[in-house]
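Enquirer: The sequence and its predicted three-dimensional model are supplied below.
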Amino acid sequence: AQSVSQHNHHVILSEAASLELGCNYSYGGTVNLFWYVQYPGQHLQLLLKYFSGDPLVKGIKGFEAEFIKSKFSFNLRKPSVQWSDTAEYFCAVNARNYGQNFVFGPGTRLSVLP
Amino acid sequence: GAGVSQTPSNKVTEKGKYVELRCDPISGHTALYWYRQSLGQGPEFLIYFQGTGAADDSGLPNDRFFAVRPEGSVSTLKIQRTERGDSAVYLCASSLSGTGTEAFFGQGTRLTVV
């Protein structure tokens, strides 16, 4: 079955550390890829998205992600995290050939220590 | 409205009762999604509407769950004979046209079945 996996359940970093959160999906064909963030007590918000073109996409708040088709991956990165980045991060895939819903990974909880 | 609105924000009901959860999407968005999120997990797809019709209801867990979107705008998720296992946050999202467009999420309705 099609699925989205995220490598880490909980990541703990100190401020100014670099971040990379892994995301892999099992869909073939054309996919649209997303990273959503959920800050404590808030709703899901879009960080960035990939539809086509440059595989390195930049999002809000200094986040970026790289689509590597051969690896079925869409890892999220940020060079220097802040305490305010503490949140739950979800990778999601949307693929026309597999219905039109968004399939989410299980999420990675990021805790940034001040 | 400016964003996706869900009501109520919290609902406590007794086992066996019927509940309705409402979603008011962003104006002009033809696609509407319902998801369910349990603690520590990613959103789980329930149903997707394109306009008034349910384009994909493969995520509904059983026939106690039903959703409608009669005029292609507001949607209601209906749960009959609620069970304690139905307790979760129910999320609604809308997007401009489905695949290839990002989804905007509401705050969710926290359903607790006691």
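Expert: Everything's here; your move. Numbers count the residues shown, from 1 in each chain, chains lettered A, B, ... in the order given.
Enquirer: burial measure for residue B:50, as a count.
Expert: 17 (other Cβ atoms under 10 Å in any protein chain shown). Glycine gets a C-beta too; all of them are placed from N, C-alpha and C.
Enquirer: roughly how far apart are it and residue A:60?
Expert: As judged by Cβ to Cβ, to the nearest Å, residue B:50 and residue A:60 stand 28 Å apart.
Enquirer: quick one: the strands in chain B?
Expert: With strands called from DSSP state E, chain B shows them at B:5-7, B:10-13, B:19-24, B:31-37, B:44-50, B:53-56, B:65-68, B:75-79, B:88-95, B:104-105, B:109-113.
Enquirer: In contact with residue B:16, which residues are there?
Expert: Each residue near residue B:16 by Cβ atoms under 8 Å, 6 or more residues apart in numbering or on different chains is listed here: B:81, B:82.
Enquirer: Recalculate using a threshold of 6 Å.
Expert: residue B:81 (Cβ atoms under 6 Å, 6 or more residues apart in numbering or on different chains).
Enquirer: From chain A, how far off is it?
Expert: Separation of residue B:16 from chain A (Cβ to the nearest Cβ, to the nearest Å): 30 Å.
Enquirer: any residue of stretch B:60-67 up close to chain A?
Expert: No. If you take Cβ under 6 Å from any Cβ of the partner chain as the test, stretch B:60-67 misses chain A, and the best it gets is 11.9 Å.
Enquirer: Run through chain A and note the low-pLDDT ranges.
Expert: Filtered on pLDDT under 70, chain A yields the residue ranges A:1, A:96-100.
Enquirer: what does it put close to chain B?
Expert: Proximity of chain A to chain B, by Cβ under 6 Å from any Cβ, involves residues A:43-44, A:46, A:49, A:90, A:94, A:96, A:99-102, A:104-107.
Enquirer: Go again with 10 Å.
Expert: Proximity of chain A to chain B (Cβ under 10 Å from any Cβ of the partner chain) is limited to residues A:4, A:6, A:9-10, A:30-32, A:34, A:36, A:38, A:41-46, A:48-49, A:51-52, A:88, A:90-92, A:94-109.
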